[in-house]
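Asker: sharing a sequence plus its predicted fold:
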Amino acid sequence: MGQFLPMRLLQFSTSHYCRKARLGLGFKQMTYTVENLTPGLHALKVKPLTGLTTLPVLLPETEGLPQAIADSTRILKFLETYCPEPALLPPEDSLQREIWSLEDWLDESIGVATRFVYYDFRAKAGKHLDPSLSSQVVIQIVRRQYGMTPARVQLAAERLDTALAFLEQRWQPGVWLVGDRFTVADLTAAALLSPLARIPNYRAQYPWLFEQIGRVHQLCGETLPPGLEPSDGAHDPLTA
């Protein structure tokens, strides 16, 4: 991979969508640096580059390549074109369609549901993970920003239960989500469900899930998420 120049990833350091981009970069064995931005202030840097205010954003910083690539899905598609091997997709068109359908469902529904459930936990039973005033203020701001009412959190929890029942049937140790190889679908599931590792009832009820998440992180050379690190302590940075 030495022929590729280093890239730069703009991120919130503990965002599960930014984790998804890092897993892709790691699997492709790309050299990159990260720039951690402050929520809120990040828009001043990101919007002029992409027209959006969301992270992650990948900056290839190489002549002939896009200046900035916003959105974790677009980043994965760019990486698959720019660095085809090792591949994140099988050659079969039918399997690729299935993979991108799963990726979209995980991105637009399950990743959002995870955010709702995680922030609700952090504001209540998980407050002890970081009871500092600054952390709790940010949590409440995000809960208001996304309209995290009790009814919507309950809906998110039910959506997660349905998703995990579905995934349990096809994502056990030794098995990948689509076909017989690791793909974008596995990477996305591991990234977007990773915040659940800090919630005790999910750890107890779905041990297979966290075994799979650890397996994907090892394959991609990425540090395990909070809650799965062997030396993990009580402090848990805020997941954005």
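Answerer: On my side now, so go ahead. Numbering: from 1, shown residues only.

Asker: from the contact counts, what lies against the helix with the most length in the chain?
Answerer: For the chain, the helix with the greatest residue count under DSSP state H is helix 150-168. For helix 150-168, the packing partners by 3 or more CB pairs under 8 Å, 6 or more residues apart in numbering; DSSP states H and E come out as helix 111-123, helix 207-220. (Each C-beta comes from the backbone N, C-alpha and C, glycine too.)

Asker: now that helix: buried residues?
Answerer: 153, 156, 159, 160, 163, 164, 167 (16 or more other CB atoms under 10 Å).

Asker: domain map for the chain?
Answerer: Domains of the chain are assigned by automatic domain parsing as 7-82, 93-220.

Asker: let's have the ones you listed in TSV, adding mean pLDDT.
Answerer: As requested, the domains of the chain are exported to TSV (pLDDT from 0 to 100):
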stretch	mean pLDDT
domain 7-82	95
domain 93-220	95
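
Asker: let's have those in JSON lines, adding distance to residue 229.
Answerer: Output for these, formatted as JSON lines (distance: least, CB to CB, whole Å):
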{"stretch": "domain 7-82", "distance to residue 229": "13"}
{"stretch": "domain 93-220", "distance to residue 229": "9"}
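
Asker: of all those domains, which lies closest to residue 226?
Answerer: Nearest of the domains of the chain to residue 226, taken as CB to CB: domain 93-220 at 5.8 Å.

Asker: that older thread, which element follows the longest helix of the chain toward the C-terminus?
Answerer: Downstream of helix 150-168, the first helix or strand assigned by DSSP states H and E is helix 184-192.

Asker: starting at the chain centroid, how far to that next one?
Answerer: 7 Å (CA atoms, centre = their mean, to the nearest Å).

Asker: ok, then the element right after it?
Answerer: helix 200-205.

Asker: put the alpha carbons of that next one into PDB.
Answerer: This file holds the C-alpha atoms of helix 200-205, laid out as PDB (Å, rounded to 0.1, in the frame of the first residue of the first chain):
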ATOM      1  CA  PRO A 200     -24.900  -4.000  30.400                       C
ATOM      2  CA  ASN A 201     -28.200  -5.600  29.300                       C
ATOM      3  CA  TYR A 202     -27.000  -5.800  25.700                       C
ATOM      4  CA  ARG A 203     -23.700  -7.300  26.700                       C
ATOM      5  CA  ALA A 204     -25.500  -9.900  28.700                       C
ATOM      6  CA  GLN A 205     -28.100 -10.700  26.100                       C
END
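
Asker: just how off-centre is it within its chain?
Answerer: 19 Å.

Asker: residue 17 touches residue 191, doesn't it?
Answerer: Yes - taking contacts as CB atoms under 8 Å, residue 17 lies within contact range of residue 191: 7.3 Å.

Asker: let's verify the closest residue to residue 122 other than its chain neighbours: helix, strand, or coil?
Answerer: Among residues not flanking residue 122 along the chain, residue 139 sits closest, at 5.4 Å (CB to CB, 6 or more residues apart in numbering). Recorded secondary structure, residue 139: helix (DSSP: H, G, I helix; E, B strand; the rest coil).

Asker: looking at the helices and strands packed on helix 150-168, which is buried most?
Answerer: helix 111-123 (a mean of 21; mean count of other CB atoms under 10 Å).

Asker: what angle do that helix and helix 184-192 make?
Answerer: Angle of helix 111-123 versus helix 184-192, following axes from the mean of the first three to the mean of the last three CA atoms, to 10 degrees, is 20 degrees.
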